[in-house]
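>>> For reference, the sequence and a predicted model appear below.
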Amino acid sequence: MEAFLDTLGAVALIALVVVGLVAGAIAGAVAGRNRLLYLILGVVGAVALPFVLAALGITVVAAGGLLVLLIVAAIGATLVLALVAALKKR
């Protein structure tokens, strides 16, 4: 986990936050309400999934470089936003 954090760095962390903000902004625009909630959830998903994968021992994220990290972040943000949208429809 420490090697992943060293590899991640500050620039990559900022990039994760930006990807989450973009995903949240798109989801907020589509939903038309609770834009701040979608922004926050997008950032949480984008930042959390790379850390979860690293904790599970999937090191391809850290070894794959910034592009792979950003793709994983986009997937994480999308998953969290889709989960919240599905739970809200209940």
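Great, that's in hand.
>>> going forward, measure contacts and count neighbours with C-alpha atoms only.
Noted.
>>> Quick check: residue 25 touching residue 38?
Yes. Using C-alpha atoms under 8 Å, residue 25 is in contact with residue 38, at 6.8 Å.
>>> So which of these two has more stuff around it?
Shown here are residue 25 and residue 38; by other C-alpha atoms under 10 Å, residue 38 has more neighbours (27 against 19).
>>> Chain neighbours aside, what residue packs nearest to that one?
Leaving aside its sequence neighbours, residue 38 sits nearest to residue 24 (C-alpha to C-alpha, 6 or more residues apart in numbering; 4.6 Å).
>>> again, but for residue 69
residue 61 (5.6 Å).
>>> Secondary structure class of residue 57, three-state.
Put simply, residue 57 is coil when judged by DSSP: H, G, I helix; E, B strand; the rest coil.
>>> Tally up the residues packed near it, please.
By other C-alpha under 10 Å, 11 other residues sit near residue 57.
>>> returning to that earlier point: does the residue nearest to residue 69 lie in a helix or a strand, and which?
Element membership of residue 61, judged by DSSP states H and E, is helix 60-63.
>>> and if you look at residue 47?
Going by DSSP H and E, residue 47 is part of helix 35-55.
>>> by how many degrees do whichever helix in the chain runs longest and helix 35-55 diverge?
When the chain is scanned for its longest helix (criterion: DSSP state H), the result is helix 2-31. Helix 2-31 and helix 35-55 are oriented at 150 degrees to each other (axes from the mean of the first three to the mean of the last three C-alpha atoms, to 10 degrees).
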